[in-house]
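Engineer: Fold the following.
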Amino acid sequence: MSSDKPRPLAGVSVLDLARFIAGPLCAQVLGDLGADVIKVERPSGEDSREALPLIKGESLYTLAFNRNKRGVTLNLRKPEAKPILARLIEWADIVVENFRPGVMDAMGCGYETLRQSKPAIIMASVSGFGQDGPLAQRALFDPIAQGLSGLMYMTGHEGDPPLMAGSFIADYSAALYAVIGTLSALRLRDATGQGQHIDVALVDSAFSLLISNVPLYDLLGQTLPRSGNRDRFGAPANSFRCRDGYVYLDGSSDSLFPRLAEAIGKPELATDPRYAKNEARSERVEELERYILEWLGNMTREQCVAALDRAGVPCGPILTVGEAMESEQLRYRNQICEVDHPVLGRVRISGVPVTGSGMTCEVRLPAPTIGQHNEEVYAQLCGLTRTEIASLREKGVL
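Structural biologist: This is a model prediction of the structure:
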């Protein structure tokens, strides 16, 4: 839904040289905030365009990480591409890249090189291990980062093998940290006129999500066992099966548990010394969960949620993706929006989860097809004629 409120990054130019997830998602969020983003990929398209499923030849994977961008093609291995890339960098306030460390330097457009002629340039580099360190040159994907950070070891059920999270949270958190770093660099640039090189690693980002588990191990030498959907620090908090699916409820704090006990018809549990305090409840979590299951009986998710909501106990149904897409709350919050894709037609995608009282952050453009904006961008920014663009395309440059 379009708004007449200003976009916070209007007037900011972003050159997206990234591939796959973390880098493109960083650039996409900057686009959501109003920046003008140009995505550069090789003439055949980046690797993620082959990721399944494909619909009419278009990857839904690419669709998800490249909205609010104009798309051009450029073969960076061709010498004729160098002056074109230089012009695009000259246009950009921010360059986003996720090549292995050193690749941008080898291409002649590393940060130290660029800042000599453009001190205000900001480069956001997202990589597996960061720009330096003993593992910096190793290849890495999200599940490996989850494993190396300790995050995967924590995930799953006790006695079962470690599990990766249900989404690429190392990639996603790295993208968001890169956005935070970039916005911080913009703020500093406003004050000093100098750009920054933002260095974000997937492993660092995944490790940051351990939060309290780091001092827990350092001070107590404890690594908490995998606990499935149970809360690691309080009880009862878990997912429970209803007649028509699952709900998740949390009555783990000492203030919430009396409400839960009352709601399930066991008010005496709240004053029973075996359950009155969180530490005691955590030791008897299986007993408490049996009481909850007995109370649930043949309830539906809606009945369970309604009863606990009346009692002031946090609870919600565990929805399928399809059910979530029909959520009244998400739709009201504009988190389900539609775009007109040039190949796929009308497509529903997730919205922008950032709102502001006096600004707008919105989906303006669907993900571009391969080279969709070549003529527009190269004519406007590089001064190329249609004949020159056609010639470069024949030579495999575009």
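
Engineer: What's the first helix or strand after the longest helix seen in the chain?
Structural biologist: The helix that spans the most residues within the chain, counting by DSSP state H, is helix 169-192. Counting by DSSP states H and E, the next helix or strand C-terminal to helix 169-192 is strand 197-201.

Engineer: ok, and what's touching that next one?
Structural biologist: With contacts defined as C-beta atoms under 8 Å, 6 or more residues apart in numbering, strand 197-201 is touched by 22, 111, 122-131, 174, 177-178, 181-182, 185. The way it works is simple: take the backbone N, C-alpha and C, and place the C-beta from them, glycine included.

Engineer: So which elements touch the helix or strand that that strand is followed by?
Structural biologist: Using DSSP H and E, the helix or strand that follows strand 197-201 in sequence is helix 202-208. With contacts taken as 3 or more C-beta pairs under 8 Å, 6 or more residues apart in numbering; DSSP states H and E, helix 202-208 sits against helix 142-149, helix 169-192.

Engineer: Buried ones in helix 202-208, by neighbour count?
Structural biologist: Buried residues in helix 202-208, counting neighbours by 16 or more other C-beta atoms under 10 Å, are found at 202-207.

Engineer: residues in contact with it?
Structural biologist: 22, 126-130, 140, 142, 145-146, 148-151, 169-171, 173-174, 177.

Engineer: hang on, the earlier thing: mind giving me TSV with the buried residues of helix 202-208 and columns for distance to residue 49 and pLDDT?
Structural biologist: Supplementary listing: the buried residues of helix 202-208 in TSV, determined by distance: C-beta to C-beta, whole Å; pLDDT from 0 to 100:
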residue	distance to residue 49	pLDDT
202	21	98
203	26	98
204	28	98
205	25	98
206	26	98
207	31	98
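
Engineer: Identify, from those, the entry nearest to residue 264.
Structural biologist: Distance ranking of the buried residues of helix 202-208 against residue 264, using C-beta to C-beta, places residue 206 first at 37.2 Å.

Engineer: Quick check: the closest residue to residue 18 other than its chain neighbours vs residue 137, distance?
Structural biologist: Using C-beta to C-beta, 6 or more residues apart in numbering and skipping the chain neighbours, the partner closest in space to residue 18 is residue 98 (4.4 Å). Residue 98 sits at a distance of 14 Å from residue 137 (criterion: C-beta to C-beta, to the nearest Å).

Engineer: of those two, who's got more company?
Structural biologist: residue 98 (27 against 12; other C-beta atoms under 10 Å).

Engineer: Quick check, pLDDT for that one.
Structural biologist: Here, the pLDDT recorded for residue 98 equals 97.

Engineer: Check which helices and strands whichever strand or helix holds residue 347 sits against.
Structural biologist: Per DSSP H and E: residue 347 is located in strand 345-350. Applying 3+ C-beta pairs under 8 Å, 6+ apart, we find strand 345-350 packed against helix 60-64, strand 336-341.

Engineer: OK, contacts around the residue nearest to residue 376 when sequence neighbours are not counted?
Structural biologist: Sequence neighbours aside, residue 70 is the residue nearest to residue 376 in space, at 7.0 Å (criterion: C-beta to C-beta, 6+ apart). Neighbour list for residue 70: 36-39, 365, 368, 372-373, 376-377 [criterion: C-beta under 8 Å, 6+ apart].

Engineer: Taking the residues you listed, tell me the two that lie furthest apart.
Structural biologist: Applying C-beta to C-beta across these, the maximum distance is between 36 and 372, 15.0 Å.

Engineer: Mind checking what secondary structure the nearest residue to residue 277 once chain neighbours are set aside has?
Structural biologist: Distances taken as C-beta to C-beta, 6+ apart put residue 254 closest to residue 277, at 6.2 Å, once the chain neighbours are dropped. Classification of residue 254 by DSSP: H, G, I helix; E, B strand; the rest coil places it in coil.

Engineer: where's residue 254 relative to residue 314, distance?
Structural biologist: 15 Å.

Engineer: what about the most centrally placed residue in the chain, distance to residue 201?
Structural biologist: Central residue of the chain (C-alpha atoms, centre = their mean): residue 172, 2.9 Å from the mean position. When distance is defined by C-beta to C-beta, residue 172 is 14 Å away from residue 201.

Engineer: State the number of residues packed around the nearest residue to residue 155 once chain neighbours are set aside.
Structural biologist: Once flanking residues are discounted, residue 155 sits nearest to residue 163: 4.7 Å by C-beta to C-beta, 6+ apart. Around residue 163 sit 16 other residues, with neighbours defined as other C-beta under 10 Å.

Engineer: contacting residues around the nearest residue to residue 368 once chain neighbours are set aside?
Structural biologist: Nearest residue to residue 368 in three dimensions, chain neighbours excluded: residue 71, at 2.9 Å (C-beta to C-beta, 6+ apart). Residues near residue 71 by C-beta under 8 Å, 6+ apart: 38-39, 41, 367-373.

Engineer: I'd like the residues you listed laid out as a markdown table, including secondary structure, neighbour count and pLDDT.
Structural biologist: Shown next, in a markdown table, are the contacts of residue 71 (DSSP: H, G, I helix; E, B strand; the rest coil; neighbours: other C-beta atoms under 10 Å; pLDDT from 0 to 100):
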| residue | secondary structure | neighbour count | pLDDT |
| --- | --- | --- | --- |
| 38 | strand | 23 | 98 |
| 39 | strand | 30 | 98 |
| 41 | strand | 26 | 98 |
| 367 | coil | 28 | 97 |
| 368 | coil | 24 | 97 |
| 369 | coil | 17 | 97 |
| 370 | coil | 18 | 97 |
| 371 | coil | 20 | 97 |
| 372 | coil | 20 | 97 |
| 373 | coil | 18 | 98 |
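
Engineer: Please report phi then psi for the residue nearest to residue 277.
Structural biologist: phi -70, psi -20 (degrees, to the nearest 10).

Engineer: Ok, residue 241 next?
Structural biologist: phi -80, psi 130.
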